[in-house]
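[1] Structural data only, the sequence is not supplied:
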């Protein structure tokens, strides 16, 4: 994947991550919210964060030892 495509994907994932954060906050603010749904969304949010970190690692050039 070329650098520009990686950066674009990071942006897309970051937006999705932020959107999930908003949804989770709204759900937890409701009384009687679906705890299973919240846990699934948090797990998905964490997976997206991991994807972002892996893509960011691809952007950093290897530094010779």
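    Sure thing, it's come through. Model, not experiment: these values are computed from the prediction.

[2] Give the buried residues for stretch 57-65.
    When burial is assessed from 16 or more other Cβ atoms under 10 Å, stretch 57-65 yields no buried residues. (Glycine included, C-beta is placed from N, CA and C.)

[3] Please give the centre-to-centre distance between that stretch and its chain.
    Here the centre of stretch 57-65 is set off from its chain's centre by 22 Å, with Cα atoms, centre = their mean, to the nearest Å.

[4] What average pLDDT does it get?
    For stretch 57-65, the mean per-residue pLDDT is 79.

[5] what does it contact?
    1, 3, 6-7 (Cβ atoms under 8 Å, 6 or more residues apart in numbering).

[6] ok, now with 7 Å
    3, 6 (Cβ atoms under 7 Å, 6 or more residues apart in numbering).

[7] and if you look at stretch 48-55?
    6, 9-10, 13-14, 16-17.

[8] can we see that at 6 Å?
    Stretch 48-55 is contacted by residues 6, 9-10, 13, 16-17 when judged by Cβ atoms under 6 Å, 6 or more residues apart in numbering.

[9] Buried ones from these, can you make that a PyMOL selection?
    Buried residues within those, by 16+ other Cβ under 10 Å, are selected in PyMOL with:
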select buried, resi 10+13+17
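
[10] okay if I get the contacts of stretch 48-55 as TSV plus pLDDT?
    TSV is the format used below for the contacts of stretch 48-55 (pLDDT from 0 to 100):
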residue	pLDDT
6	95
9	97
10	97
13	98
16	98
17	98
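
[11] If you count neighbours, what's buried in the helix ranked longest in the chain?
    Scanning the chain for the helix with the most residues, using DSSP state H, yields helix 3-29. Going by neighbour count (16+ other Cβ under 10 Å), the buried part of helix 3-29 is 10, 13, 17, 20, 24.
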